[in-house]
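Chemist: 3D model of this:
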Amino acid sequence: MSGRVCDSGALVPVDEAIRHLLDQAPPPPAVQQLTLDQALARVLSQDIFCPMNLPAWDNSAMDGYALRAADVPTDGGCLTVVGRIAAGDGPGEPLGAGQAVRIFTGAPLPPGADTVVPQESCRVEGERVWLPALDCGEHVRKEGEELRRGERLLRAGTRLRGQELGLLAGAGIGRVEVYRPLRVGLLSSGDELREPGEPLAPGQIYNSNRHSLAALLRGWGLEVHDFGVMPDQLLASRQALSLAAAECDVLLTSGGVSVGEEDHLKQAIEGLGSIDLWRLAIQPGKPLAFGDVEGKPWIGLPGNPSAALITALIVVRPFLFRAQGMGDVLPVPLPVPAGFDWLQRNKRRQYLRARLSQDAGGHLCAELHPQQSSAMLSAACWADGLALVERETQVHKHDGVLYLPFATLMH
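Modeler: Next up, the predicted model:
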């Protein structure tokens, strides 16, 4: 794929553009060894194998009584209670014929026991306990039931969440090898941009992209290096880009990539590396550029706030996750009924700001915000995801559409 694609007027399909970016993703960063309390949202650099059986021994899934199922008559009956085992205790002495022990959740079964009966199903009669009819093996967590020693616990490329950290801890693993966070250099382009709180002169606007994009990057577990706004001057732009390339793994800019922009960003990029200027078949966000600056990958996002947000979520996120060392980087959309009519056919795939709600019949559907402008973020604040309408496609109410929740895209 090259700049000539754009020069010809062709619109590159979104999925093709994402595949191209993933093919060009650099190797992941250097490896670090961290304790579990430092490893949240980090990406494993190698497979991890279980060092022990999980559970390590047969244990009780309930508070109740542990016994041998063969000792209980078909219609139920009484056994003698000969002990008590709590979580943290050893398994105790082997059970004799006609015996049971009081046991608590997580406690090891005594030798010979094969079944646990919940306490609410039992009736205590002095030193004996009446038990109902039962099936052998009930309410027992068997040794190795979850994982066996030597089985793969987690794959390389897994981004660690709370559940993965808990699994590692439960297997006795206290340190992991992970990739250091990807360093992303964030730059804005445009003399018209000002920071919130500063006075605005005629023609100036506040720089919303700087804050929304930085928040996205941090939410993805990446390290943000904010280089501020590049003036619309060739030398200043080249200096800012060169500094960012020297300090970061990937560069991300907003603004300055639309055809006919009166700035020096594209010229500065071409002087420092290479550029593919794409016109993606996506709405919002058609203008998007990809290339390199002094050997570091660079992605140029549109300047319109909603376009920058959506192209970051759809196109940039998979690329950055792959560069971070992750295996699965593409979100899986949910099929839902449309709660709207969308009758205008478009040459670009549309990502409409939407949220899930219940229709009059109580069925889940996707409804749209009435304002779908590429310049306005209020619709994205109202929405909880994006509804996809494919190119040259109409959607009628109750048709199936694909839906991408923000809860998935932003984490």
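
Chemist: longest helix in this protein, by residue count?
Modeler: helix 234-247 (DSSP state H).

Chemist: quick check: buried residues in that helix?
Modeler: Neighbour-count burial for helix 234-247 flags 237-238, 240-242, 244-245 (criterion: 16 or more other CB atoms under 10 Å). The C-beta positions use only the backbone N, C-alpha and C, and glycine is treated the same way.

Chemist: how about the strands in the stretch 51-200 of the chain?
Modeler: 59-60, 64-67, 77-85, 99-103, 115-118, 123-125, 128-131, 140-141, 152-154, 175-179, 183-189, 193-194 (DSSP state E, counting those that start in this stretch).

Chemist: report all helices and strands that the second one contacts.
Modeler: I take that to be strand 64-67. Packed against strand 64-67 by the contact rule (3 or more CB pairs under 8 Å, 6 or more residues apart in numbering; DSSP states H and E) you find strand 77-85, strand 99-103, strand 115-118, strand 128-131.

Chemist: quickly run through the sheet partners of that strand, with directions.
Modeler: The pairing partners recorded for strand 64-67 under DSSP bridges are strand 99-103 (antiparallel), strand 115-118 (antiparallel).

Chemist: tabulate the ones you listed in a markdown table, adding columns for distance to residue 63 and mean neighbour count.
Modeler: Below are the strands paired with strand 64-67 laid out as a markdown table (distance: least, CB to CB, whole Å; neighbours: other CB atoms under 10 Å):
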| stretch | distance to residue 63 | mean neighbour count |
| --- | --- | --- |
| strand 99-103 | 7 | 24 |
| strand 115-118 | 7 | 23 |
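
Chemist: please, where are all the strands along the stretch 251-400 of the chain?
Modeler: Counting by DSSP E, counting those that start in this stretch, the stretch 251-400 of the chain has strands at residues 273-279, 282-283, 287-293, 296-301, 334-337, 349-358, 364-368, 385-389, 400-405.

Chemist: could I get those strands as a markdown table with distance to residue 217 and mean neighbour count?
Modeler: A markdown table is the format used below for the strands of the stretch 251-400 of the chain (distance: least, CB to CB, whole Å; neighbours: other CB under 10 Å):
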| stretch | distance to residue 217 | mean neighbour count |
| --- | --- | --- |
| strand 273-279 | 21 | 21 |
| strand 282-283 | 20 | 22 |
| strand 287-293 | 17 | 23 |
| strand 296-301 | 12 | 24 |
| strand 334-337 | 25 | 14 |
| strand 349-358 | 19 | 20 |
| strand 364-368 | 27 | 19 |
| strand 385-389 | 19 | 23 |
| strand 400-405 | 18 | 18 |
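
Chemist: so for residue 184, which of these sits nearest?
Modeler: strand 296-301 (9.7 Å; CB to CB).

Chemist: ok, and what's touching that closest one?
Modeler: With contact meaning CB atoms under 8 Å, 6 or more residues apart in numbering, strand 296-301 is reached by 21, 24-26, 209, 213, 241, 245, 248-257, 265, 269, 273, 275, 285, 288-292, 307-308, 311-312, 315-316, 319, 323.

Chemist: then stretch 188-201?
Modeler: Here stretch 188-201 has contacts from 203-207, 209-211, 228-232, 237, 253-256, 263, 265, 303, using CB under 8 Å, 6+ apart.

Chemist: re the thing from before, which of the buried residues of helix 234-247 lies closest to residue 362?
Modeler: For those, the minimum distance to residue 362 (CB to CB) is 51.6 Å, reached by residue 244.
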